[in-house]
Structure formats: structure tokens, C-alpha cells
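>>> Test case, fold it:
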Amino acid sequence: MLYPPALTWFHGQMITYGLGVIMLGMGLTLTAADFKRILIYPKWILVGVALQYTVMPFAGLALANLFELPKMMAVGMILVASCPGGTASNVVAFIAKANVALSVSMTAISTLLAIIMTPLLTDYLVGSRLDVDAWQLFLGTVKVVLVPILLGVSLNTFFHKTTEKLLPVAPPVAVIIIALIVGSIIGQGRAEILASGFNLFVAIGLLHLIGFVLGYLISLYLLKDQQVARTISIEVGMQNSGLGVVLAKQNFGQMATIPGAISALTHCVLGSIAVYLWNRKYKSDN
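Model (predicted):
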């Protein structure tokens, strides 16, 4: 469906600034201590972030090729697979009785690394499909990730009492914004989604499933810690799909945003299933 230029522009701005608000909310929850945790357990974070930026991007590329997705949908899928862990992972880690401090630290570190890693990986993996302006992708990532997070951290540091009052409303606001973004994208791209059949849904479902499973198995093998493995599994399996949507919209167009919108729904469903299975096992072990 074609939309008037003014409406298309407004839709793009809504998505961009919506993610900016979410990233600002994330920044409000962070302090310098969250970044210092890398000194406490550097091996855990190193393994987790390494899996985040290897398992997911290359699985995204392989699945896009395997299911022969249309070019722009394949680009969108590879882009969202190259994004950092999502803020929803911290909530899932808490419910799953994982290591919440590690989850928050991994989200923070992988998000800051996304400024470099997401453009580089996307350029490298998508390069054979179309020309990628890595510099514009980098600037877009700085705009919607680094600036809001630094602003949020600064506000939390220098105006802590004020930000404490805002923290209770940040999660529901983030949920509402993500729901609006996902709904608007699926609404605009419903014809393309229907035309792609089940391939796109299966490919994205497998992408996140691979992230959860390999994130858990590899980290458990390397680190020999059940709780840490659960945490890394959640972080690897749950992407910042909102960031993928915004960067896709800015750099590749409407079609490329669809995988990110579906991803936002998929990883939450799989995260909920993981919580149920892990909590059930936890109860049986105790």
C-alpha cells in the first residue's frame, strides 16, 4: 500500500524518536557501576558478547539464504540479527531466576558496541546483496543508541532523585511504543507479509531459537555455570528488534523493517517459553 509522502515521513520519525525514548529509558536505569561490572566478571561478558555478535548475524545470513527470502526482507533479517541484546532480556532474566546484574551489564556493553559492530556486520554480510552505506548506518546507530543512552546515564547520575520518579513508568512506556511500532509496520507491510508465506516467520523463529539454544549450550560448556548460561542464552536470543527496525527504515526502506517487527514478537514468545521451562526445572531440582 502506498502512503502520502508526509505520512511516510511522519511514520519514519515516529519510529526513530520512539526508539530514542526507549533508549533514553534504558539509560535512566544505568549507572557507572553497571559498566564497571565488566571488571568483576570479564570472561562471562566476553563470552556472551562474542556469541551475540557471531551466532546471531551468521545464523541470520544462513537462514535468509536457506529460505530464499526476498532481497530486502533478507537484508532486514540480517540487520536485526546483527543488533545487540534487547532491554526486554533483563526482565526475562529476572523472571527466569538468571543473573540479572550480568544481563544488565551485557545489554549495556553489547548496545554500546553496536555503534561499531552492527554497521560493520551488516555491511559485511549484506554487501553481496546490495550496496550498504556503512557510514550512514553508523551515524544512525549513534543517533538512536549512543546519544539517548548517554543522556539517560547523565540524568541518572546528576539528577538521580528526579529520575527515580520516572523509572516506574519507563517499562510500560517502552512496551506501548514497541507495540505501536510493531503494529504500524505489520499494518503497512501486510501485503508483503502475506506474500512471503510462512518462510519469513519460520526463518525468524529459527533465528531466535538458535540464539537461545547455542547461547546456552556454548556458554555452559565454556563457563560451567548454569545460571550464567541461562543469562547468556537470554541475551543472545533476544535482540533489540526496535533498533533493527529503525536502522532498516532509515537505510533500506519499509520492506526491510518487517523482519524486525516480527522479531520483536517472536523473541518475547520464545523468551516466555524459556522462562517456563527453566522455572519448571528449577522447582523440580529444589
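>>> Surely Val236 is in contact with Leu214?
Yes. At 7.2 Å, Val236 counts as touching Leu214 under the criterion of CB atoms under 8 Å. Bear in mind the C-beta positions are built from the backbone N, C-alpha and C, glycine included.
>>> Compare the two and say which one has the larger neighbour count.
Val236 (32 against 19; other CB atoms under 10 Å).
>>> What helices and strands are in contact with the helix or strand where that one lies?
Secondary structure assigned from DSSP states H and E places Val236 in helix 226-237. Contacts defined by 3 or more CB pairs under 8 Å, 6 or more residues apart in numbering; DSSP states H and E place helix 226-237 against helix 42-52, helix 88-95, helix 100-126, helix 199-223, helix 258-285.
>>> With only the CA atoms kept, save the next helix or strand after that helix in PDB.
Once the chain leaves helix 226-237, the next helix or strand it forms, by DSSP H and E, is helix 241-251. Taking Å, rounded to 0.1, in the frame of the first residue of the first chain, the C-alpha atoms of helix 241-251 are listed here in PDB:
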ATOM      1  CA  SER A 241      14.500  -5.500  17.300                       C
ATOM      2  CA  GLY A 242      13.400  -1.900  17.700                       C
ATOM      3  CA  LEU A 243      16.900  -0.800  16.700                       C
ATOM      4  CA  GLY A 244      16.800  -3.100  13.700                       C
ATOM      5  CA  VAL A 245      13.500  -1.600  12.600                       C
ATOM      6  CA  VAL A 246      14.800   2.000  12.900                       C
ATOM      7  CA  LEU A 247      18.000   1.300  11.100                       C
ATOM      8  CA  ALA A 248      16.200  -0.600   8.400                       C
ATOM      9  CA  LYS A 249      13.700   2.200   7.900                       C
ATOM     10  CA  GLN A 250      16.500   4.800   7.700                       C
ATOM     11  CA  ASN A 251      18.800   2.900   5.400                       C
END
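>>> Cool, thanks, signing off.
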